[in-house]
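*Asks:* Need the 3D shape of this:
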Amino acid sequence: MELLRIRRYVGHEEIINAIDISKRGEELLISASDDGTIGIWDPRTKNAVDHIETDFPITAVAVSEAGNEIYSGGIDNDIKVWDLRKKAVVYSMLGHNDTVTGLRVSPDSQSLLSYSHDSTAKTWDIRPFAPTERHIRTFDGAQMGIEKNLIRASWDKAGKKIAVGAGDGTVVIWSNDNGKLLYKLPGHKGTVNCAEFTPNDEPIILSASSDRRMLLGELR
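*Replies:* You can find the predicted model right below:
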C-alpha cells in the first residue's frame, strides 16, 4: 500500500523530537524541537500558528485533554506546564535527574506519565487543584542503555498499566496502582524506543526498536 503525504509543516529550525494532538475542542498539533521551541499548529495550514520559546531543547511534549495546557520536558530535567493562551509556565514538576524523554497524559486525564534518561518512569497529579507536591509514584527497572535514545512511555486503555522501552531490548510494564513490575518482555536486539498498548481490551503491546523491527507481544 502506497502512503501519500497530505501536508508538510514548516517552522522549526532543528530536529523535531515529539508531537501530540489535542483530544477535544480546537484541533491543534503541538511539536517539540531541539531549537528550544514548542510549535503550535493548525493542522489545516502548513505554517505554525505560534511558538513558545524556551531556554533549552525540548525532547518531550503532551497536551491536556481540554487543550488548555501543554506539558514539556527537556534537557534541563524539569517538566513544565504551560498555559497555552498566556504562553507562560503555570508550574513545574521536579524529580527527574536527567533528560525527560517521554510524556503521556493518562486515559482519565488525571495523571501525567514521564520517562527519563535517569532510567525511571514517574507519574504526576495534574488535576487543577492538586496538592503542591504532585509526584505520585516512581517506577524503576528499565535500563536506559548506552544509546541514550528518546524512549517513550505509554498507558493501557484503562490506565492500570504503564509501559516503556528499555536499552536492553525489552519492554518493561508496571502496575500503575502499586508500582509492581509485571512484565519484562524480551525479543529485540536493540534499544526499544517505544511501546504501545493496543487501543482495545486485548492484552497486546506493539514495540519498535533501533534494530529496525516492530514486534507484537501478548501479556499472559
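*Asks:* quick one: strands adjacent to the helix or strand bottoming out on mean pLDDT in the chain?
*Replies:* Ranking every helix and strand in the chain by mean pLDDT, DSSP states H and E puts strand 214-218 at the bottom, with a mean of 85. The sheet places strand 214-218 alongside strand 204-209 (antiparallel), with pairing taken from DSSP bridges.
*Asks:* What lies in contact with the partner strand?
*Replies:* 163, 165, 169, 171, 173, 185, 187-198, 214-219 (Cβ atoms under 8 Å, 6 or more residues apart in numbering). To be clear about C-beta, it is placed using only N, CA and C from the backbone, and glycine gets the same treatment.
*Asks:* Taking the residues you listed, please make a PyMOL selection of just the buried ones.
*Replies:* Remark: buried members of the contacts of strand 204-209, expressed as a PyMOL selection using 16 or more other Cβ atoms under 10 Å:
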select buried, resi 163+165+169+171+173+185+188+190+191+192+193+194+195+196+197+215+217+219
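*Asks:* Among the contacts of strand 204-209, which are located in strands?
*Replies:* When these are checked against strands (DSSP state E), the matches are 163, 165, 171, 173, 185, 192-197, 214-218.
*Asks:* out of the residues you listed, who's nearest I40?
*Replies:* The closest of the ones in strands among the contacts of strand 204-209 to I40 turns out to be C194 (Cβ to Cβ; 23.5 Å).
*Asks:* So the closest one sits against L150, correct?
*Replies:* No: using Cβ atoms under 8 Å, C194 is not in contact with L150, being 9.2 Å away.
*Asks:* overlap in contacts of these two?
*Replies:* The contact lists of C194 and L150 share G102, where a contact means Cβ under 8 Å, 6+ apart.
*Asks:* rewinding a little: report the two of the ones in strands among the contacts of strand 204-209 separated the most.
*Replies:* Comparing every pair within the ones in strands among the contacts of strand 204-209 by Cβ to Cβ identifies N193 and E218 as the most remote, at 20.4 Å.
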